[in-house]
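Enquirer: Let's see this in three dimensions:
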Amino acid sequence: MNLIESVESQYIKSDIPAFGPGDVVKVNTRIREGQKERIQAYEGTVIRRAHGGLSETFTVRRVAFGAGSERTFPLHSPNIESIQVVRYGAVRRAKLYYLRERTGRASRVKERRT
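Expert: Numbers count the residues shown, from 1 in each chain. Next comes the predicted model:
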């Protein structure tokens, strides 16, 4: 293990569930507003996981009131309280950017049977 990996290993979280593109996840993040801190949930479909190690990120897409929004989270950030997998999706690609152009039933991902 080189020097960078040894330093990064202190900050890598171990309680992250196994999830990937196509899965519906609920990400609970800490939000600071002045002196107050609260937890806000963001639920949507994972459209990508990128990088690796300490700098790994994942992007979650949700559609609310007809408007789509995407948010990219650092996987090992201390601001992420928890990640819960709501549903596992059956997809055949690593990046689901095609969901951006789809609306309604066309944007649904089949559920993976385990």
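Enquirer: rest of the way, CA atoms for contacts and neighbours
Expert: Will do.
Enquirer: In terms of secondary structure, what does the longest strand seen in the chain contact?
Expert: Once the chain is assigned using DSSP state E, the strand that runs over the most residues is strand 36-50. When contacts are defined as 3 or more CA pairs under 8 Å, 6 or more residues apart in numbering; DSSP states H and E, strand 36-50 sits against strand 24-33, strand 57-64.
Enquirer: Can you list the strands that that strand pairs with?
Expert: strand 24-33 (antiparallel), strand 57-64 (antiparallel) (DSSP bridges).
Enquirer: Would you tell me which of those gets closest to T72?
Expert: Minimum separation from T72 across these (CA to CA) falls at strand 57-64, 4.2 Å.
Enquirer: Just give the number of residues close to the closest residue to R32 other than its chain neighbours.
Expert: Leaving aside its sequence neighbours, R32 sits nearest to R38 (CA to CA, 6 or more residues apart in numbering; 6.5 Å). Neighbour count for R38, taken as other CA atoms under 10 Å: 10.
Enquirer: Would you check that R38 makes contact with I31?
Expert: Yes. At 5.3 Å, R38 and I31 qualify as touching, with contact defined as CA atoms under 8 Å.
Enquirer: quick one, which of the helices and strands packed on strand 36-50 is nearest to A90?
Expert: Going by CA to CA, the one of the helices and strands packed on strand 36-50 nearest A90 is strand 24-33, 10.9 Å.
Enquirer: residues of the closest one that come out buried?
Expert: Neighbour-count burial for strand 24-33, counted by 16 or more other CA atoms under 10 Å, picks out V24, V25, K26, V27, N28, T29, R30.
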